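Q: The following comprises the amino acid sequence and a computationally predicted model.
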Amino acid sequence: MKLLAFELATEACSVALWDDGEVRERFEVAPRRHAELALPWADALLAEAGLAKSQLDVIAIGRGPGAFTGVRLAIAVGQGIALALDRPMVAVSTLAALAWQAGEGLVLASIDARMGEVYAGAYRREGDAQTLLAAESVGPPEAVELPGGANGWHAVGTGLAACDGALQSRLAR
């Protein structure tokens, strides 16, 4: 399986290539530079792996939630490549991808949505399976609920620092 992935929904720009179990990636916190970086990084990763675009099996994109411009860019880039190659495109929740990085257990993934709000998603990961425990949401940090109570959770993402750390303070109690 050869998969090319774009995650552009936050301030971070990320492009990755999965090549039969080997991962190559580029990542940089680069606000407003995603359009400049995404395609050259994809080309560089393919060149490093010695792959032609025609060898890709699938294109993956981060579908958000996140910045509208970044989500729109990921969709445009992903669709363009997928249509040109006649390959499938899959959309992955940005919050689910963020939660996956935290490892096993209960994970609250959150992203600063600006204007006093956060995007949030609660997940449980067991081995290679991850389950969304409550619908992804957007709202003020004080509205974020943890299914089953606050015990045993890990929290990740820029939403923890949003609104002067309101979510982080609330979860620390």
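A: Structure's in. What do you need?

Q: middle-most residue in the protein, spatially?
A: Closest to where the C-alpha atoms of the chain average out (Cα atoms, centre = their mean) is residue 94, at 2.9 Å.

Q: quick one: it and residue 61 touch, right?
A: No - with contact defined as Cβ atoms under 8 Å, residue 94 does not reach residue 61; the gap is 9.7 Å. All C-beta spots, glycine's among them, are computed from the backbone N, C-alpha and C.

Q: who touches both of those two?
A: Shared contacts of residue 94 and residue 61, defined by Cβ atoms under 8 Å, 6 or more residues apart in numbering, are found at residue 7.

Q: Model confidence for residue 33, exactly?
A: pLDDT for residue 33: 97.

Q: Also the one 5 residues further on?
A: Per-residue confidence (pLDDT) for residue 38: 98.

Q: Who are the contact partners of it?
A: Counting by Cβ under 8 Å, 6+ apart, residue 38 touches 6, 8, 13, 15, 73-74, 77.

Q: can I get those residues in a markdown table with neighbour count?
A: A markdown table is the format used below for those (neighbours: other Cβ atoms under 10 Å):
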| residue | neighbour count |
| --- | --- |
| 6 | 26 |
| 8 | 30 |
| 13 | 26 |
| 15 | 26 |
| 73 | 19 |
| 74 | 29 |
| 77 | 21 |
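
Q: In helices only, show me these.
A: 73-74, 77 (DSSP state H).

Q: Just want to check the distance between the residue nearest to the centre of the chain and residue 46.
A: Between residue 94 and residue 46 the computed distance is 23 Å (Cβ to Cβ, to the nearest Å).

Q: for residue 68, same thing?
A: From residue 68 to residue 46 the distance is 28 Å (Cβ to Cβ).

Q: what about these two, which has more around it?
A: Set side by side, residue 68 and residue 46 show more neighbours around residue 46, with 19 against 10, by other Cβ atoms under 10 Å.

Q: Name the nearest residue to residue 136, ignoring sequence neighbours.
A: residue 121 (4.2 Å; Cβ to Cβ, 6 or more residues apart in numbering).

Q: Could I get the contacting residues of the closest residue to residue 65 other than its chain neighbours?
A: Sequence neighbours aside, residue 119 is the residue nearest to residue 65 in space, at 4.1 Å (criterion: Cβ to Cβ, 6+ apart). With contacts defined as Cβ under 8 Å, 6+ apart, the neighbours of residue 119 are 64-66, 94-95, 110-111, 113, 136-138, 159.
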